[in-house]
Every structure is written in structure tokens, then in C-alpha cells.
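>>> please work out how this folds:
(one chain, ligands or ions: 1)
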Amino acid sequence: MLVVRLQGKVALVTGAARGIGNAISKLYVREGAKIVLNYNKSEREAIALAEEMGEISKSILLVKADVSKIDEVRQMVQKTIERFHQIDILVNNAGILVPEVFLESTEDTWDKTMDINLKGAYLCTKEVAPIMLKQEKGKIINISSICGLSEKSALRNTAYVVSKTGMLGLTRSLAVNLGPKINVNAICPGLTDTEMAAALGPERIKAGIEESLLKRIGKPEDIANAALFLASDESDFITGEFLTISGGRAMR
Ligand SMILES: NC(=O)c1ccc[n+]([C@@H]2O[C@H](COP(=O)([O-])OP(=O)(O)OC[C@H]3O[C@@H](n4cnc5c(N)ncnc54)[C@H](OP(=O)(O)O)[C@@H]3O)[C@@H](O)[C@H]2O)c1
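Okay, here's the model as predicted:
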């Protein structure tokens, strides 16, 4: 018998057009979810993804919104409710990485990184949590990074590291504030094969693979499988946790 783990659920995935968000969205739809695909700049990719999914499910809503802007986030959540009347799963995945070490870093990078990576997750959760609380159930998954933990070689890009460490604090605070109705967990991916990782350059990728125990880069699907578990009823007794997926690179 085919088991679909997200039947009847509505999921909002930020930054869904590309990379990890794309893989999570595809898997959620395959598992029976209705899905809100959020994008900001990648409209073409978002439409292509929706068309690809259209064969599997008609239950797709595409919403352009910059997660760092409260008005756009509010409209996105309103559109979701108008269309699907509920939100069961929120994946705070949208993020940027500007490869800048501390002494070469700029205030602009700091502000943009905090606004998108950290404030974006805060704003989306602020709008979605009251809906989940009314429903008396919900799953929130924050995509942090192993650089939010203390993996030394992953700590170079200061603003990014601080934003991803902040996301772990946000995860714990939300788990405390939103329990017992809502589960809030973080995933900490290691190097994962997306445009973001490619921007780090071949040397950093090679070093990341060497540091891992499984001697490969992660696939977006590796992260999506964990995001499925944390969205499903199978993780009902898990909250405030950080799930590291790095091929052993961040083992401690
Ligand atoms: N790849 C890795 O090695 C790795 C490792 C650890 C953690 N992560 C985390 O995983 C998440 C996904 O990253 P990825 O690797 O899939 O990177 P990616 O391929 O560069 O995708 C980033 C996504 O974030 C979205 N985004 C950026 N700014 C946004 C904004 N203001 N509003 C809405 N969406 C926005 C982008 O959407 P648009 O293109 O539409 O703007 C895009 O879909 C990020 O939070 C990243 O920090 C990645």
C-alpha cells in the first residue's frame, strides 16, 4: 500500500524555486501536500517547478514575496488562507550567503543577510503561528546550517554564520513559545549541491567533502528527506531540536 505522509496538509515553503526549497517542495507534493511555492527573484524557475508538479498535483499556489518585508509576508499568508484555508507546515528555507570574511565584510551584507536569513524566518513565523495555534497543530522547520553549530571550517562568512546561529536560538525560543501545539525544529545542512554552495568555489567544496565522513557533497534530496520527517506525524514528539545532515562533517 502506498503511504503518503502529508495527505491533507498545506505547506508553505519559502525560497521554493531553487535548490533545497525546490527539493523539499517536490517531495512534499509527492507525499500528498498542497503547497505554496514562495519565490522572490526566480519567477521563471518557480513557474517551471509548478508546471513540473502540475502533473502530480493541481494543489499549488505560487506567491512572489520577499520574506524580509512584512507587507509581502502578510499578503503571502493571506493568499494561502484564501486558497487553502489552513497552514500545517512552514519551512523557513529562504536564505542568502555572501562569501565575505570579516575584515572584508560590509554593513550592507550584514543587514541583507540578517534581514533575509533571520528576520525573514521571524516574520513568516509571526504571521503563520497564530493560524497554526487556532488549528491546534503545526510544524515549523527552520533551515539553519552546520555553521550555526561550531564547525570551524564553516565559520568564515561572519554575517551568514551569525544569521544561522541566530536561527537556532529562534528555533528554541519558538519551540518554548509555541508549544505544546506547534513543533519547531531546525535542520543544519552541511555543504549541499546548490547554487549557494557553488558560489563558494571548488576549493571550499573539495575541503568540505574531505572533512565529511561520507566523502561526498549533500544532495538537496538528502535535506528534503529530513524536512519530510519533521513535517510528518512521525516527528510529533520532537521539538526544539537541531538535525544535522552533513555526511558526518559536523559530528561531535
Ligand atoms: N547549499 C548549502 O550548502 C547549504 C548549507 C547549509 C544551509 N543552507 C541553507 O539552505 C537554504 C536554501 O539554500 P540553497 O542552498 O537551496 O540556496 P540557493 O539555491 O541559493 O536558494 C536560495 C533560495 O532562497 C530564496 N531567497 C533568497 N532571498 C529571498 C528573499 N528575500 N525572499 C524570498 N526568498 C528568497 C531564493 O529565491 P529567489 O531566487 O526566488 O530569490 C532561493 O530559492 C538557505 O537558508 C541556506 O542558507 C544551504
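>>> residues of the stretch 1-150 of the chain that sit close to the ligand?
14-15, 17-21, 38-42, 66-68, 93-97, 116, 143, 145 (CB under 6 Å from any ligand atom). Backbone N, C-alpha and C define where each C-beta goes, glycine included.
>>> just after whatever helix or strand Ile131 lives in, pick out the following helix or strand.
Secondary structure from DSSP states H and E places Ile131 in helix 120-135. Next along the chain after helix 120-135, taking DSSP H and E as the criterion, comes strand 138-143.
>>> for the top helix by length along the chain, what is the distance to the chain centroid?
With secondary structure taken from DSSP state H, the chain has its longest helix at helix 158-178. Centroid separation for helix 158-178 versus its chain: 13 Å, with CA atoms, centre = their mean, to the nearest Å.
>>> export that helix as PDB, just CAs?
Below are the C-alpha coordinates for helix 158-178, written out as PDB (Å, rounded to 0.1, in the frame of the first residue of the first chain):
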ATOM      1  CA  THR A 158      30.600  36.200   9.500                       C
ATOM      2  CA  ALA A 159      27.200  37.600   8.700                       C
ATOM      3  CA  TYR A 160      26.000  34.200   7.400                       C
ATOM      4  CA  VAL A 161      27.300  32.400  10.400                       C
ATOM      5  CA  VAL A 162      25.600  34.800  12.800                       C
ATOM      6  CA  SER A 163      22.300  34.600  11.000                       C
ATOM      7  CA  LYS A 164      22.400  30.800  11.000                       C
ATOM      8  CA  THR A 165      23.400  30.700  14.700                       C
ATOM      9  CA  GLY A 166      20.500  33.100  15.400                       C
ATOM     10  CA  MET A 167      18.200  30.800  13.600                       C
ATOM     11  CA  LEU A 168      19.000  28.100  16.200                       C
ATOM     12  CA  GLY A 169      18.200  30.500  19.000                       C
ATOM     13  CA  LEU A 170      15.000  31.400  17.200                       C
ATOM     14  CA  THR A 171      14.100  27.700  16.900                       C
ATOM     15  CA  ARG A 172      14.500  27.100  20.600                       C
ATOM     16  CA  SER A 173      12.600  30.200  21.600                       C
ATOM     17  CA  LEU A 174       9.800  29.400  19.200                       C
ATOM     18  CA  ALA A 175       9.600  25.800  20.500                       C
ATOM     19  CA  VAL A 176       9.200  27.200  24.000                       C
ATOM     20  CA  ASN A 177       6.700  29.900  23.000                       C
ATOM     21  CA  LEU A 178       4.600  27.900  20.600                       C
END
